[in-house]
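Enquirer: Here is my input, please return the structure:
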Amino acid sequence: MAAVTGNTLVLKPSERDPGAAMTIAELCQRAGLPSGVLNIVHGGVNTLNSITTTQRRHHIVTRMTPHGCSHDDFEDL
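Expert: Down below sits the predicted model:
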């Protein structure tokens, strides 16, 4: 739904098993999703916190919904 309404998506798969996220990205590409709409970020919690902190500072990220993790894993949620 987010992509249909003009938003981009950032998917951070588990650093232990990123295979499913890469399959989703490949299927989206085959389906014609424009480049840059789905973004896969690999890394641990520190990587995600670093990216989102920078993006929020520049008002690029306005909403974040964590799934499959503890809210304690993220800063400033």
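
Enquirer: could you list every residue that touches Ala20?
Expert: Pro13 (CB atoms under 8 Å, 6 or more residues apart in numbering). Quick note: C-beta positions are derived from backbone N, CA and C, even for glycine.

Enquirer: pull the helix or strand with minimum mean pLDDT from the protein.
Expert: helix 45-57 (a mean of 72; mean pLDDT, DSSP states H and E).

Enquirer: Okay, Leu33 and Asn46: tell me how far apart.
Expert: According to CB to CB, to the nearest Å, Leu33 and Asn46 sit 28 Å apart.

Enquirer: and if you look at Val37?
Expert: For Val37, the distance to Asn46 - CB to CB - is 26 Å.

Enquirer: In terms of neighbours, single out the busier of the two.
Expert: Between Val37 and Asn46, Val37 has the larger neighbour count (other CB atoms under 10 Å), namely 14 against 10.

Enquirer: so that one touches Leu11, yeah?
Expert: No. Judged on CB atoms under 8 Å, Val37 makes no contact with Leu11 at a distance of 11.0 Å.

Enquirer: partners of the residue nearest to Cys28 when sequence neighbours are not counted in the sheet?
Expert: Spatially, and ignoring its direct neighbours in sequence, Cys28 is nearest to Leu38 (5.1 Å; CB to CB, 6 or more residues apart in numbering). According to DSSP bridges, the residues that bridge with Leu38 are Leu9.

Enquirer: got any ranges where this protein has weak pLDDT?
Expert: Filtered on pLDDT under 70, the chain yields the residue ranges 1-2, 54-77.

Enquirer: about what we covered before: overlap in contacts of Val37 and Leu11?
Expert: By CB under 8 Å, 6+ apart, no residue touches both Val37 and Leu11.

Enquirer: so where do the strands sit in the protein?
Expert: With DSSP state E as the criterion, the chain has strands at 9-11, 38-40.
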